[in-house]
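Novice: Can you look at this prediction? I've put the sequence above it.
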Amino acid sequence: MIPSPIQIQAVDTILVDVPTIRPHRLSVATMNCQVLVLIRIQCADGIAGWGEATTIGGLAYGEESPESIKTNIDTYFAPMLKGLDATRPGQIMAKLRESFQGNRFAKCAIETALFDAQARRFGVPLSELFGGRVTDSVEVAWTLASGDTGRDIDEAHQMLEMKRHRVFKLKIGARAPADDIAHVAAIKAAVGERAQVRVDVNQAWSQAEALWAIERLADAGCDLIEQPIAAEDRRGLKRLTHLSKVPIMADEALHGPVDAFALASTHAADVFAVKIAQSGGLTGAASVAAIALASGVDLYGGTMLEGALGTIASAQLFSTFRELKWGTELFGPLLLTEEILVEPLRYENFSLKLPQGPGLGIQLDLDKIERLRRDTKRGASVVKL
Ligand code: MUC
Ligand code: MG
């Protein structure tokens, strides 16, 4: 039995700027740097839980930016959290959801930290709080997004050689559809049957453009098309899903269980990209997965290009899914130039291996984070981690 209550004593939110290994080009933004948003919740029993709320391209991808997430946690969430009983994560999250609208990423980070702490308290991996693992490793796709076809082909060959990835997602939508089709066809021709090639349009096309392009993507050997049109256009997505030979995946259209139900009930997508942050946290993402599996929609483990923390939190949950037909894209840490863990995550044989230790199962390199955090780099005097 765990003695309770165990009060939450402190909540710290840290912005960490980390350059990417190369420019990462999406239709909505080009990333040269990722801003990790990390949160630490310290509890009266000496246990600290960690969570992450990282997003892509400032405000280009979603309606929360790293800076707004930090401000909202520091100003609203942290004062409410302090003094609450850390052994009751469900009760705490219910209170936060009732008190604060939106803020899915902030809520995800807080929920992850609470579950990390609780699982450490119980001495079990976080996955055990979500029904237990079905698998100890998940397949990981790589995104080719340098913006240059030749460079992407070289990168794909390297990844195959290293046995790191054999599924490639191409970011398209910034150029004219015909140019994108040529790009996809060239990459698929170069890797052949050794690799799967998928595309993510990040909402860039109109329905008419999508109809034109989908047929040609099928001919080029593409096997999955992600979020071809605007997130709000559910009827359009349903139309494309019903007409397309290639499976269609919902990503930006999926902000948690309510969207999952709306999309699944009309089969407006063949596959769901489940993301813990977009779902408002691990429990929201677990509900999204349950809705998908109950309605014949396949699952894919998505990412917001989080660092090691958010990546392993996602993996802990995805490892509990009964089926994960399209694998995952949990490669975020591999896109970054800095390692923030004492021992890096294990990517082997096209997969990410899950750690066995309690909670998230990772150990953060606090000195490294201390050096990289934005406020200390700007000379502010802050409480040391
Ligand atoms: C997205 O839209 O899926 C995932 C991989 C990547 O390169 O970008 C993200 C976001
Ligand atoms: Mg996507």
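Specialist: Structure received. Ligands and ions are numbered 1, 2, ... in the order given.
Novice: Find the nearest non-adjacent residue to whatever residue of the stretch 101-250 of the chain ends up closest to ligand 1, please.
Specialist: Residue nearest to ligand 1 within the stretch 101-250 of the chain: Thr143 (3.4 Å; Cβ to the nearest ligand atom). C-beta here means a position set from N, CA and C on the backbone, and glycine is covered the same way. Nearest non-adjacent residue to Thr143, counting by Cβ to Cβ, 6 or more residues apart in numbering: Lys169, 4.7 Å away.
Novice: so that neighbour sits in a strand?
Specialist: Yes. Judged by DSSP: H, G, I helix; E, B strand; the rest coil, Lys169 forms part of a strand.
Novice: Tally up the residues packed near it, please.
Specialist: Neighbours of Lys169 under the rule other Cβ atoms under 10 Å: 22.
Novice: Surely it and Leu144 touch.
Specialist: Yes. Applying Cβ atoms under 8 Å as the test, Lys169 and Leu144 come out as touching, 7.2 Å apart.
Novice: what about the longest strand seen in the chain, near ligand 2?
Specialist: Counting by DSSP state E, the longest strand found in the chain is strand 8-25. No. Strand 8-25 lies out of reach of ligand 2 by Cβ under 5 Å from the ion, never closer than 12.5 Å.
Novice: In its sheet, which strands sit next to the helix or strand following that strand, and in what direction?
Specialist: From strand 8-25 onward toward the C-terminus, using DSSP states H and E, the following helix or strand is strand 30-43. Partners of strand 30-43 in the sheet, by DSSP bridges, are strand 8-25 (antiparallel), strand 48-52 (antiparallel).
Novice: With respect to burial, which of those scores highest?
Specialist: Counting by mean count of other Cβ atoms under 10 Å, strand 48-52 has the highest mean neighbour count of the strands paired with strand 30-43, with a mean of 25.
Novice: Report the rounded mean pLDDT for it.
Specialist: Taken as a whole, strand 48-52 has a mean pLDDT of 98.
Novice: residues making contact with it?
Specialist: With contacts defined as Cβ atoms under 8 Å, 6 or more residues apart in numbering, strand 48-52 is touched by 36-43, 86, 108-118, 120, 306-307, 309-310, 313, 359-360, 364.
Novice: List only those of those flagged as buried.
Specialist: With burial judged by 16 or more other Cβ atoms under 10 Å, the buried subset of the contacts of strand 48-52 is 36-43, 86, 108-118, 120, 306-307, 309-310, 313, 359-360, 364.
Novice: And stretch 161-179, end to end?
Specialist: Stretch 161-179 stretches 28 Å from its first residue to its last (Cα to Cα, to the nearest Å).
Novice: Excluding covalently adjacent residues, which one is nearest to whichever residue of the stretch 101-250 of the chain sits closest to ligand 2?
Specialist: The minimum distance from the stretch 101-250 of the chain to ligand 2, using Cβ to the ion, falls at Asp200 (4.3 Å). Using Cβ to Cβ, 6+ apart and skipping the chain neighbours, the partner closest in space to Asp200 is Glu226 (4.0 Å).
Novice: who's in contact with the residue of the stretch 101-250 of the chain closest to ligand 2?
Specialist: Taking Cβ under 8 Å, 6+ apart, we find Asp200 in contact with Leu26, Thr143, Lys169, Leu170, Lys171, Ile172, Gly173, Glu226, Gln227, Asp251.
Novice: what residues does the protein put near ligand 2?
Specialist: Within the chain, the residues that sit near ligand 2 (Cβ under 5 Å from the ion) are Asp200, Glu226, Asp251.
Novice: ok, these vs Glu339, which is closest?
Specialist: Comparing the residues of the chain next to ligand 2 against Glu339 with Cβ to Cβ places Asp200 closest, at 26.2 Å.
Novice: Quick one: the helices in the stretch 101-250 of the chain, in order.
Specialist: 104-122, 149-161, 177-191, 207-220, 234-243 (DSSP state H, counting those that start in this stretch).
Novice: so Val167 sits right up against Gln196, yeah?
Specialist: Yes. In this structure, Val167 is within contact of Gln196 by Cβ under 8 Å, at 4.6 Å.
Novice: Mutual contacts of these two, please.
Specialist: Common neighbours of Val167 and Gln196 (Cβ under 8 Å, 6+ apart) are Ala141.
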